[in-house]
Each structure stands twice: as structure tokens, then as C-alpha cells.
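A.B. asks: just coords:
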């Protein structure tokens, strides 16, 4: 068995959009642009970037909730595009997802027990008795009280709702859990509980995580490796400590510097990156970061840099790195 | 401390609902000096935003300020903002005290141009002519880093990005050279590189004009980047207040300690984060003793029965705790 659980090969996801009166002007919004990455069994790969960088779309495309425009997703040694029907369903239940807003992904008219039993019923797993036992086990491992089963999602706090979301994701004993901003809507003390829980569950059930977040400190706490995205492209990927301590891409460097850290000694350091993220419809030529890059040269405006391995396990897409 | 600018004494704001009364702000006191930056930090529902809105007298029914004073040291007089007639408050709001909100769209009018919205307060509060106001507005937009300011004056809010809108808000807040700027989660909705730009901008504004700033946030990182003093709120109370360095290096209240332990830091990799068990108290019920005692890891019997006093045991650093004060 290979140690790679998920691999994407030149994965592209673009969306056609229409603008103007009567939708006369047509564009393509390239949300994910030729991304190559591998997630190893049992690791957490973090994915960071700002709004619109394509990190969530990448997660959804790996889940095959979006059909890839081109390129491939390999899961557990299988090209997902080659699968259909029963085979696809069998593979798909091994990947599950949790979302930023747990309440939006929980049906408010279903009790917690119904929510947690639903995936088991769809996949025809166990008798009614066994399913109810399973619900209790899921509530237990996610730190929910047993009497939660007969209550409704809205009766719980945000943190508990996220625990329900996690319990549902675990119901089918997945191999991969894609966590899309799972703690962004939570207060810091609750955020800490959920992050600790996710780490415990990973150890206990040998889960592999793709952890998507705009918060680099949270991602660094959770992940062994981090990938940085900008305008649909993976611009740097490497071990978390190196990404944080010695970032190589100018964008990663700016991103790390911009993090407001709870260290007052760092105060009053001018640390802003100039400019804003360009629209993914109207993307710059060459390196997507060049208009904001403090060290950009002529070459960066015309030639798009490829991801190159510059150190063990550490790759960067920059001509100048 | 510098000469005081705003002195809040025992402020209480409550919301009377049919289910009961929510004691959102329950006896908050603090002073902010001229040119100082006070950060108010706490989690959802701790009363930090209601405190800010109370200072601005923007609390709407069924909420109301039920007790306390908000003394504003104007140039030549002291006014109690909590008791000021609303029409007089309008002359202070946007003029001597300005506010920036989390979502700029809630305070920008979508059907008026940015230029109109910027020149109006200048004409009203600073009796400028149309021409003067326009010139000043362009300078302000230019100052906060809006490219082609003169052209963008004719644009509507939706034509600006989120970061640019927040810059416009800073320009509007700075327009009348206020003595106090209240910023309620000004960077929460923004991306991290844009967030850093706005924090830099508020810092620069403060340096240039000497205005005092109250910044309200849930993000201790933002506090570290901007504040001189920090007040930590929990369940409608300030439970600790100290200079910014000390709140990180030597937090005293068990809640503050847990809050700081619960944030993942960039260059520090613990195996586990500190968590706080349970949930904050229901603000509709009468709280006896320390509001944090049900969740506190170091509580003693006294904490359940008696409210701990707010004691300044070293200069500038005060804490309300029976155990750690």
C-alpha cells in the first residue's frame, strides 16, 4: 500500500460566468489552477490562503462535489474519474467533510440521532438497534452528552454543533476528513476544544486530514505540512515549521508577517503588503503574485513560475526563490 | 497616565425582553487618557460591543443604559454622555467621537456616493463650504490609501472592495479630527494581509492626530499590535485590566490565562491548547459570586458566594479574582 492517500494531478476547476446585460460577456473563473499535491496517510496537510484563493474549491473538487474541469484526483490508488455507480459510492464514503458553519449543514428539523443515523441508513449499515448503538458511540467519541440524541441541532452551542458535524462525518469510518474552516466561526476557547478534539480523533482512528483555513497559526498547530495558495495556484508547500520560520515565497513571507500575533514586542512593525488580491477572472500574466510582489522582475510579468523542489519536501513556485 | 479623556463609571446596560432582562454590561468602569489606545477583548456575548454602543448612545430599544456615567473631558468642560440629551449627543457623535464598525456596509449608505458621504459631516460639523469639504475629502481618501481619490469620490460603496470600504470608514471617522475613535472589530471581516493594512492605518492616524482609540476585538493578536492598555471582559464585567505587555507575559485572572493559552501561536507548537470547560453564564439570571467561578480551574468556596473586588495590586494592573489578585 502506497503511503499516499490522495493525489491531484494538474487539477483544474473553472466556472463559466456571464456578466453584463443579458449575460453577453462571458468569462472563465479559474478557481483551481493546475494543482499538484499529495496527502500522505495519517498526516494533516494544511491549506492556507486568503478569500478567493481557491482553497475551498480545491477541497470540494477532491471530494468530487465539483466535477474537475481537467486533471485527475487519485484516492487510495484509484483514479476517481474512472469510477462510477457503486464503486464511486464505496470510495466516496471514505472521504468526508466538515464545514465552517455547522448549523447550515445540519437539517434543523432532524434530531441529532436522525442526523447521525442518516449516513448509516443510506449505506445500509447495521440494523436499527446497531445504528442506535453507533449513534451513542459517535456522541461519546466527540464529547457530546448521550441525551443529545433526541434533541435538535439548534438547541446546541456553536461548538457542540461542530461536534455533531464531526460525529456525522465519522459515522462511515472515513479515511480522509476534509476540514473546511472548521473553527473560523467559533470563539477562541471553543476553537481550542474543537482543535484538540480533531487531533485526538486523528490519533484514535488513524485519520488523514486536509485542513483548510485562512488562519495560519491554527493551521500550523494542526498540520505537519502546509500548502499556500494564491489565485488558484499552489505557490509553496513544505513542512509547517519551515513554512512559518523560513517561508521562501514572497507571498508566504508577507502572509506570515501579516498575522497579528499575541506578542506585543512585535508591535509597530510596519508589516503591510501593498495592494489587494486581483480578481480571479482578470488574472495577471506571468506569476499571479507579481503585481504585489516587492521583489518582482521583468521575467515575473511574462513567465509563470513552476513549482520547484528547493529543499527536502519543500517546493516553491517563484523564479527568484 | 495621560490627562483623562473619557472616564466610564459603573456603566450598566440591559435589554428588557419578554423572557427576562439581559444584563449585557453590568458595572463597567475604565478611564482612557489622551492619545492612548485601549483594547477591549472578550468572547461573543461578553458585552464588549454593547459597551462601545453605550458610549456612543447607540443602544436601541429594548436596550437601555440603566446606570453609570460616561464622563467625556471636552476641551473646556466635562459632559456625562450617558445623561446628555440626544440632540446634543448628535453634535459629539461623528465629530468629537467617531466609530468604525466590523461591516462597513452597515454604516455606508449604498445609494449615496462616497464623496457625498464624506463631505456631509465636514459641512455639518466643521462648517466647511462645498469646495473646502471636497478638497478635504479627497485629501482624506488619499491619506488612507485610496488610489485616484478624486475620481473615486463619485463612486458608490459597492464599487469598493471590503478592504477599501474599511479605509473609507477610517477616512470618514478621521474627517472631523475626533478626540476619540471607537473601532468595533474593525478587521474581523478582512483577509489577513488587508487586516494588517487597516491596523497600520489606525496606528498612523493615531500617531498623526493624537486621537485616543478604543479598539474592541476578540482577537488578542490585534490587541497586541495596537493597544497600550487592555481590558478583558467576561459576562458583562471587566475582569482584568493591564498594560498590553503584562496581559501576555503575566496574565492574572484564570479566564485571561485560559484565553491566552487557547490561541494557537505561529512559532510555538504545544501538544494541546488550553480549553475552558462549560459555557459563559446566562446573562438573564442573577449571577452570584465571581461570574467565572463555574468554569474556573482554581476556584475556592468564596468565589461562589462573593463577587471579587477589582483590585489594582501593581501599578496599572488590576484584576477581579479572590485567588490570583
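C.D. replies: On my side now, so go ahead. As the structure is a computational prediction, the values presented were derived from the model and not from experiment.

A.B. asks: and stretch A:135-148, anywhere near chain B?
C.D. replies: No: contact between stretch A:135-148 and chain B is absent, the nearest approach being 10.5 Å (criterion: Cβ under 8 Å from any Cβ of the partner chain). The C-beta positions use only the backbone N, C-alpha and C, and glycine is treated the same way.

A.B. asks: Could you find the closest non-adjacent residue to whichever residue of the stretch 101-250 of chain B sits closest to chain A?
C.D. replies: For the stretch 101-250 of chain B and chain A, the shortest gap (Cβ to the nearest Cβ) falls at residue B:221, measuring 3.2 Å. Leaving aside its chain neighbours, residue B:221 sits nearest to residue A:260 (3.2 Å; criterion: Cβ to Cβ, 6 or more residues apart in numbering or on different chains).

A.B. asks: Can you give me the distance of the one you found to residue B:220?
C.D. replies: The spacing between residue A:260 and residue B:220, counted by Cβ to Cβ, to the nearest Å, is 8 Å.

A.B. asks: Neighbour count for those two, which is higher?
C.D. replies: residue B:220 (28 against 22; other Cβ atoms under 10 Å in any protein chain shown).

A.B. asks: List the contacts of the more buried one.
C.D. replies: A:188, A:262, B:41, B:248, B:259-260, B:263 (Cβ atoms under 8 Å, 6 or more residues apart in numbering or on different chains).

A.B. asks: Restricted to strands, list the residues you listed.
C.D. replies: residue B:41 (DSSP state E).

A.B. asks: Let's have the contacts of residue B:220 in CSV, adding distance to residue A:209, pLDDT and neighbour count.
C.D. replies: Formatted as CSV, those follow (distance: Cβ to Cβ, whole Å; pLDDT from 0 to 100; neighbours: other Cβ atoms under 10 Å in any protein chain shown):
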residue, distance to residue A:209, pLDDT, neighbour count
A:188, 21, 89, 24
A:262, 25, 81, 22
B:41, 30, 96, 24
B:248, 30, 92, 19
B:259, 26, 93, 27
B:260, 26, 92, 18
B:263, 20, 90, 22
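
A.B. asks: how about JSON lines for the contacts of residue B:220, with distance to residue B:76 added?
C.D. replies: Converted to JSON lines, those look like this (distance: Cβ to Cβ, whole Å):
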{"residue": "A:188", "distance to residue B:76": "43"}
{"residue": "A:262", "distance to residue B:76": "40"}
{"residue": "B:41", "distance to residue B:76": "34"}
{"residue": "B:248", "distance to residue B:76": "39"}
{"residue": "B:259", "distance to residue B:76": "41"}
{"residue": "B:260", "distance to residue B:76": "42"}
{"residue": "B:263", "distance to residue B:76": "44"}
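
A.B. asks: Tell me which two in the contacts of residue B:220 are the farthest apart.
C.D. replies: A:188 and B:248 (14.1 Å; Cβ to Cβ).

A.B. asks: residues from the stretch 101-250 of chain A in reach of chain B?
C.D. replies: A:157, A:187-189, A:191-193, A:195-196, A:199, A:214-218, A:220-221, A:241, A:244-245.

A.B. asks: Just the buried ones from those?
C.D. replies: A:187-189, A:191-193, A:195-196, A:199, A:214-218, A:220-221, A:244 (16 or more other Cβ atoms under 10 Å in any protein chain shown).

A.B. asks: returning to what we had before: now the residue of the stretch 101-250 of chain B closest to chain A: how far from residue B:264?
C.D. replies: For residue B:221 relative to residue B:264 (Cβ to Cβ), the value is 11 Å.

A.B. asks: and what of residue B:306?
C.D. replies: 35 Å.

A.B. asks: Which one's more surrounded, the two?
C.D. replies: residue B:264 (21 against 12).

A.B. asks: Find the nearest non-adjacent residue to the more buried one, please.
C.D. replies: In space, residue B:264 is closest to residue A:221, 3.7 Å off (Cβ to Cβ, 6+ apart).

A.B. asks: quick one, what contacts the one you found?
C.D. replies: Each residue near residue A:221 by Cβ under 8 Å, 6+ apart is listed here: A:195, B:264, B:269-270, B:273.

A.B. asks: from the residues you listed, which two are the most distant?
C.D. replies: Across the contacts of residue A:221 (Cβ to Cβ), the longest gap, 12.4 Å, separates A:195 and B:269.

A.B. asks: need the contact list for the residue nearest in space to the middle of chain B.
C.D. replies: Central residue of chain B (Cα atoms, centre = their mean): residue B:216, 3.1 Å from the mean position. Listed by Cβ under 8 Å, 6+ apart, the contact partners of residue B:216 are B:39-41, B:48-49, B:51-52, B:182-185.

A.B. asks: Touching stretch A:136-150 from outside, list them.
C.D. replies: The contact list for stretch A:136-150, computed with Cβ under 8 Å, 6+ apart, reads A:111-113, A:116, A:135, A:156, A:160, A:163-164, A:166-168, A:170-171, A:193, A:197, A:201, A:204.
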